[in-house]
Every structure is written in structure tokens, then in C-alpha cells.
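Asker: mind looking at a prediction? Sequence and model below.
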Protein chains: 2
Amino acid sequence: MRAETRHILAEHALDRSLIRWIMRRVGNPNISIRLWNGDEFRVTEAPPVACMELCERRAVFELLLSPSVGFGESYSKGLIKIHGDFRAFANEVTFAITRQQNGRYYGPKIRSMLYAIRSNTLARSWRNIHHHYDIGNEFYKLWLDERMVYTCAYFDKPAASLAQAQLAKLEHVCRKLKLRPGQKVIEAGCGFGALALHMAEHYGVNVIALNNSSEQVSFAREIAAAKGLDNRVKFVEDDYRNIGGRCDAFVSVGMLEHVGLTNFTTLGELIRRSLKPEGIGLIHSIARSYPDRVDPWIGKHIFPGGHIPSLSEMMAVFEPQRFSILDVENLRPHYARTCAMWLENFEAVADEVAEMYGEEFVRMWRLYLAGSSAGFQSGTLQLYQILFAPLGSNNVPWTRDYQYLRESGSH
Amino acid sequence: MRAETRHILAEHALDRSLIRWIMRRVGNPNISIRLWNGDEFRVTEAPPVACMELCERRAVFELLLSPSVGFGESYSKGLIKIHGDFRAFANEVTFAITRQQNGRYYGPKIRSMLYAIRSNTLARSWRNIHHHYDIGNEFYKLWLDERMVYTCAYFDKPAASLAQAQLAKLEHVCRKLKLRPGQKVIEAGCGFGALALHMAEHYGVNVIALNNSSEQVSFAREIAAAKGLDNRVKFVEDDYRNIGGRCDAFVSVGMLEHVGLTNFTTLGELIRRSLKPEGIGLIHSIARSYPDRVDPWIGKHIFPGGHIPSLSEMMAVFEPQRFSILDVENLRPHYARTCAMWLENFEAVADEVAEMYGEEFVRMWRLYLAGSSAGFQSGTLQLYQILFAPLGSNNVPWTRDYQYLRESGSH
């Protein structure tokens, strides 16, 4: 008996050592760890914000192999459980990792460059986009706002609801583009069509909107027909690389993340060829403060083929084409709140989602939404709106008053 | 006689061919050329905006060796004269060159990288800054605004005078920094001290302002003493590399152009060490839409050691330190107007300047001011204000309303 007890203690001592080592790698978050035998311990002095239960020993090995993929898969499968507020847990771990990585630069930069080599061919892009966006419109309807906007909202007023903030975002984009009736707009990556429809309905422009996802395009076409806008908005199920024609404004909201670093120059060339000399463009994209590859679990299960660029990496779209960058706005806190609101909506329908897609799917999406919110909250992720114009165009506003004041002087 | 005539004709035919070749290299601007013998001809069909007189044949060889340095030096020496509106001439040539270069990217990018190897040591920086800024305060007093602001103004109202627009720029910078009384501000490269004095006087902050130019520092200290602000603004005659202490806000207006590409990471490190975790910073600098070296004549005669970075190059200040870029604003048209207004003031006192410094100096400065205005007008040059914060700081405004609206909601 004594020998066996000693053996169990030694065994757990090794597990605890491994777990402490893993926790150090992720910056020692203030969480407690519960083992499969019910033992619970902390890795820091501070009171834990949540408890991570490892239901089986193999969860330790999964975490050892990759804190990102290992945690994501183990949590999704139910091998790891989180007791307490899940979003608080996700925030705590993300902030700890962010603090931990602070200062390292060249390692992440090289990872980012190597990762970029995995290029997005047309066929692979289609598969990648299909993976995430063709889950089924019914799923997105359950927790997105009424316009089905699946990108960062803009909380121009602190108390705005999600629907109001999404409308404010559409308006913010339209105002930045200074749209005028009769203009032609190309939108690359149009989601469920909310922006294209808003531009046509409220700014009187003609829109060609491209999207790789057939489910989203069907949805968008239905709305256009119902609103009688199908003569002014053409939804095209195609890749951005097949853009044709000239436009007064080019806009892309939430597509650059899927384009991949090696295709940035191609995208820039396409925009230059599409945009009239006095035209204007806006790219709205998730970004980073510094180059790094996408989180491995996100890359494997959520957005295969995606790359979250830093601002210097994004310049590969603009600088070879000699575009003038007119304005860059960082909406990071807005996306933290948007994701938190999506998660709240999602939790309210989690049982329904579980019936449709299973428990593992629910846990995967919970982790993705909470993790994204934490990423934006901690500064690991940024959200940029980049406004640009062809070199030498003087058809640009002198001040940004027009984005904020209804009545403003003109130059 | 007939043989001699034929010889003269042939001789001029060769000169004309050489000149036409040079004009093609700079994009065939709509100007006429007058030779030393009085002959005048055009290189384009359109009516010329001005006439360039080559007073001696050797001007052709100067232009051949370098359209930039050759023109600049020949014009300054009086070997080349411009008949007609000088600014219209500078605009026409700059636009032609810009159109001509459109599309080339990797050549300029490599030039930019090679040029960066000429590093700015402390001693060389001092010499370079001394070259331009210690001409004499009396000179700058003749044509700058009353506050002696020698950076891009902000024409928030179309009819603003230069002095009003410089004040609006100081305000625009202070509002972006969200200064509060009692805060500590570090300003790197403070010019004649206008911003430091404005921040202390109107925002109640304590400022440490660094500048390499002894003439400017003396001037700034006198004003501080006269205004009774010398207890709250400390003007230090030193290089930005000797910054010490911690601050709530870091600001630098018109210094990055002199820092040199190879020192960007060092500057970023200094800022990270100086800035409190919840602090905010602003860098205001001339920039380009794409990487390229500085104009050779400007580099030789006006700003030795300077480098005008593209936005991707500027990121070397921010990304290795993991700063969050909060906001980038392009003030290009404002700098075109600022330079044009400086030139107007300068022309009004050109005789006085000629008495102080000679005719060659006057022509050099006319070319520099008109050329800069044309550079900003054509898009060859850009002017960015970049607002940034340490990674993870959530002490940042959600919207930019505060920059534009006096009364705005807070999050």
C-alpha cells in the first residue's frame, strides 16, 4: 500500500510539473487546474478567475504538443472543461500569452513569412471559404444581427445594440467612401450582402459584389430581389481574382484575412486596374501589431488558409501600386465588443445549435468567439479600416470632418 | 560660310536631341526650352506652362548627369533660368516625373534600402541638422508664421491663414494626444518650440523638448522665459537618442525625416522605454507612397542624411516594439498649401534674403519650397500623423469623435 501511494504521488508530481511547465509557456494565467482525480491546484498566488479541468491524463499530452491546437481540440471534444465564466477564462489566458510574448519580434516575423508560403490557389480558396461560410445560413441567423453582418461593428454610441452598431459600421464605411448617386462600386467578399444592399438603397450607387460562398450569395440575392434592388446590386459567386470593370469605389470588408500574404500584390494589382484615377478604396481587415502566423488552432479548425497581417505586411497591397494611404482607423475595442455580443447571442441558442451540429461544434464556436473577443481586448488582434486612393488623385477630402460632422466646410 | 552654318545647325541638332532625351526621362513636361542662342522649342504639343532657359551649353551636361542635382545646382547658380510662374513650372515637372515613374516598384525599393546604409551617427546627425536649421533664426523669421512653426499646417477651415492653420495643427496634435493637466510629455525634435509651449500653456502639461539645433533651442528658451513657462517646459539641446525619463505622451513632429531608416528601430525602443504602459504617442512625418531614396539634390543641398520613408518602412519604428497603431491621417494637401504659402512669404522678402545670403541661396530656397509644394501636390510626397499606444493599452478612445466634436459620448 505504501509503495502504491508513493507511486501515485510521484505520478501526479510529474503531471503537475508538466502542467506547470505548460502554464509557464503561456505566461502563467491566474487559473486553477483540476486533475482527472479531482485534485486542484494553482500556478499563481492570485485568486483564479476560472478552473480548467483536465478530464483525462491525455489532455496533458495534447497541451504539451501544442497549447493552441491541443487546448482547442481537447476543449471541443470535452477532454478539458472550464468551470466558471468562459469569457473571463479566455481573456485571462490571452492576456497572459500576450504579456509573455511581449518583446519578441524576429521569431514571429520569420514564422509569418514561412507560413505565407502556403499559398491560396483559386481551388484551395474556394475550399477554405466553403469550410467556414457554408455551414448553413440557418446557423448564422441564430446569433448575428438582423442584417447578417459577420464583421466588426462600430459602436459610435456607447449604448448601441449590435444591430445599431452594425448599421453604424455600414454608414461609417459609406461616409468614408464619399459615395454619390450613380457611382459604380465593386465590393470584394460581400458576406451576406448587407453593405452592398445598404450602399445601393441609401447612396444610390450600382454595386457589383463578389463572394466565393454560394450559401451567402443565394441569401444576398433573395434579399436584393425582395427589396427590389436586384437591378442595382449584382451578386456574383466568384473569387476576387476574377474582378472585371472599372469603379469609382472599391470596398472589401473582412476578406483580406482570407487572401493570404502571397496574394496581396495580386489583389493590389486588381484594385489598381479596377479603380478609376479619381476613385477611392477601403479595406477593412483584422490585423496584428506585428507579423506572426495565425493561431494554429484557428488555422486548422476555423479559417484554414487565412493570414492576419501586420500593417507593414498589408502595405504589400498598396505600395507596389503606389496607392496613397489616406486614413487608417483602428477599431480594435469595437471588435472585442462585437465578438462578446455574438457569444452572448450564441450562448442563448447553444442548445439549439447543439441539436443541429452537436456539442463539439458548440464548444468549438464558443472557444472561437470568446478567444477572438479576448484577442481584440488584449491587443493580440487589431481591426483596421484603410482608406486609399490612386497616386496623385487630388479628389480626396482635406479633413476628416465629413466622417463626423454633418455640416462641414469644403476645400 | 555654308559649311559653318551647317556645322552650327548640326551642333544645335545634337543639343536638341540630348535635351529631348532628358525631357523623355522626366516624363515630357509641358515646358518650352530656350537655348543660349535664343532658339526656343517645345517637347510636347500642348501650350507650355513656362520656359526653361539654358543660359550656357554646360547646363545640358549638368542635366544629363542628373536631372535632379544638375537642375538644382544649375538653377541655383543662374545657369538655368525659368521664365513664367516658377511654381507652375515646378508642379508641371513634378507631375510629369510622377506619371513617368508610375508602376515601377522594386528599383526604387532597392535604392531606398541601399541608401539607408548611410547611417546617421550622433556626430553626423548634428552636422546634418546644423546644415539646415542653423542658417539663422533671422532668416526663418522673415517668412514663417509668428509662432515659427516649420512643419505642415492644418487647414481645418478652407480660408485659414498660415498662422491660423499652424495653430489648428498644434490643436489637432494636442487633441489627438488627449492631454490632461499635470501629464508629462516628451517631444523629440521640437523646432522653435511652438508645440511644446502650446501644450504647456493651454493643456497644463510638463514638457521635456529635445532639439539638436542650438539656434532653435536658444530661441525657444527665450520665448518660454518671456511667457513664464520655463518652469513647465524644459528645452534640451540634445539628440533624441539621449531621451530619459517616463512620459504619458510622446510626440515628434517633423523629426523622423532626419532620423534615417537604420535608426528607426532604435527610435522605437527609446519610445517604448519612455512611454508609460497607458501612454500615447504621435509621430508626424513626411512620407512616400512607396519606398524610394530622397531626391538627390534635396539630399545634397537641403537635408543631408534625411530619408523619407514609406508607411511600410515607418513600421520599423512601431512593429518591433509591438505598438498598436491607432490612427494614421494623411495631410498631403495641407503640406502642398503650407509650402506654397511659405514660398509666397519668401518671394515677398527675396531681395532682403539675397542681401543677407546672396542670389544663389535665394534660388536654392525657391526651388526647394516650390519643389516641395509640387511634391505634395502630385502625391510624390505624403504627410502622415501616426497615433500609437503600447500593446494592450485599453486607454484609447473608441471613436475619433473627440478629434472633431467638442461634445461627444465616452465609452
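Answerer: That came in fine, so what should we check first? Numbers count the residues shown, from 1 in each chain, chains lettered A, B, ... in the order given.

Asker: wait, residue A:346 sits on residue A:352?
Answerer: No. Judged on C-beta atoms under 8 Å, residue A:346 makes no contact with residue A:352 at a distance of 10.1 Å. C-beta coordinates here come from the backbone N, C-alpha and C atoms, glycine included.

Asker: identify the contacts common to these two.
Answerer: residue A:142 (C-beta atoms under 8 Å, 6 or more residues apart in numbering or on different chains).

Asker: looking at these two, which is more packed in?
Answerer: residue A:346 (21 against 14; other C-beta atoms under 10 Å in any protein chain shown).

Asker: could you find the closest non-adjacent residue to the more buried one?
Answerer: Nearest residue to residue A:346, sequence neighbours excluded (C-beta to C-beta, 6 or more residues apart in numbering or on different chains): residue A:143, at 4.5 Å.

Asker: touching the helix or strand where residue A:297 lies from outside, list them.
Answerer: Element membership for residue A:297, per DSSP states H and E: helix A:296-297. For helix A:296-297, the surrounding residues in contact (C-beta under 8 Å, 6+ apart) are A:66, A:68, A:69, A:71, A:72, A:73, A:367.

Asker: what do you get for stretch A:20-39?
Answerer: Residues contacting stretch A:20-39 (C-beta under 8 Å, 6+ apart): A:12, A:15, A:19, A:40-44, A:46-57, A:60, A:63-64, A:67, A:83, A:89, A:92-93, A:95-101.

Asker: so which of those residues belong to strands?
Answerer: A:40, A:41, A:42, A:51, A:52, A:53, A:54, A:83 (DSSP state E).

Asker: wait, which of those residues is closest to residue B:158?
Answerer: residue A:52 (59.9 Å; C-beta to C-beta).

Asker: bridged to that closest one, which residues?
Answerer: Residue A:52 forms beta bridges with residue A:33, residue A:82, as assigned by DSSP bridges.

Asker: test my guess that it contacts residue A:80.
Answerer: Yes. Assessed by C-beta under 8 Å, residue A:52 is found in contact with residue A:80 at 6.3 Å.

Asker: does any part of the longest strand anywhere in chain A sit near chain B?
Answerer: With secondary structure taken from DSSP E, chain A has its longest strand at strand A:275-287. No. Residues of strand A:275-287 are not located near chain B by C-beta under 8 Å from any C-beta of the partner chain, the shortest gap being 8.8 Å.

Asker: picking that back up, neighbour count and pLDDT for the ones in strands among the contacts of stretch A:20-39 - can I get that in CSV?
Answerer: Below are the ones in strands among the contacts of stretch A:20-39 laid out as CSV (neighbours: other C-beta atoms under 10 Å in any protein chain shown; pLDDT from 0 to 100):
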residue, neighbour count, pLDDT
A:40, 13, 93
A:41, 13, 92
A:42, 15, 90
A:51, 16, 96
A:52, 24, 96
A:53, 17, 97
A:54, 20, 96
A:83, 15, 96
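
Asker: by mean pLDDT, point me to the weakest helix or strand of chain A.
Answerer: When the helices and strands of chain A are scored by mean pLDDT, DSSP states H and E, helix A:122-133 comes last with a mean of 64.

Asker: tell me where the stretch 101-250 of chain A has helices.
Answerer: Taking DSSP state H, counting those that start in this stretch as the test, the helices found in the stretch 101-250 of chain A are A:106-116, A:122-133, A:137-143, A:162-177, A:194-203, A:214-226.

Asker: looking at those helices, which has the lowest confidence?
Answerer: Note on the helices of the stretch 101-250 of chain A: lowest mean pLDDT is at helix A:122-133, with a mean of 64.

Asker: one step back: out of the contacts of helix A:296-297, which end up buried?
Answerer: A:68, A:69, A:71, A:72, A:73, A:367 (16 or more other C-beta atoms under 10 Å in any protein chain shown).

Asker: those: which two are farthest apart?
Answerer: A:69 and A:367 (11.6 Å).

Asker: what's in contact with the helix or strand hosting residue A:355?
Answerer: For residue A:355, the enclosing helix or strand under DSSP H and E is helix A:350-357. For helix A:350-357, contacts defined as C-beta under 8 Å, 6+ apart pick out A:135, A:136, A:138, A:139, A:142, A:346, A:361, A:362, A:365, A:366.
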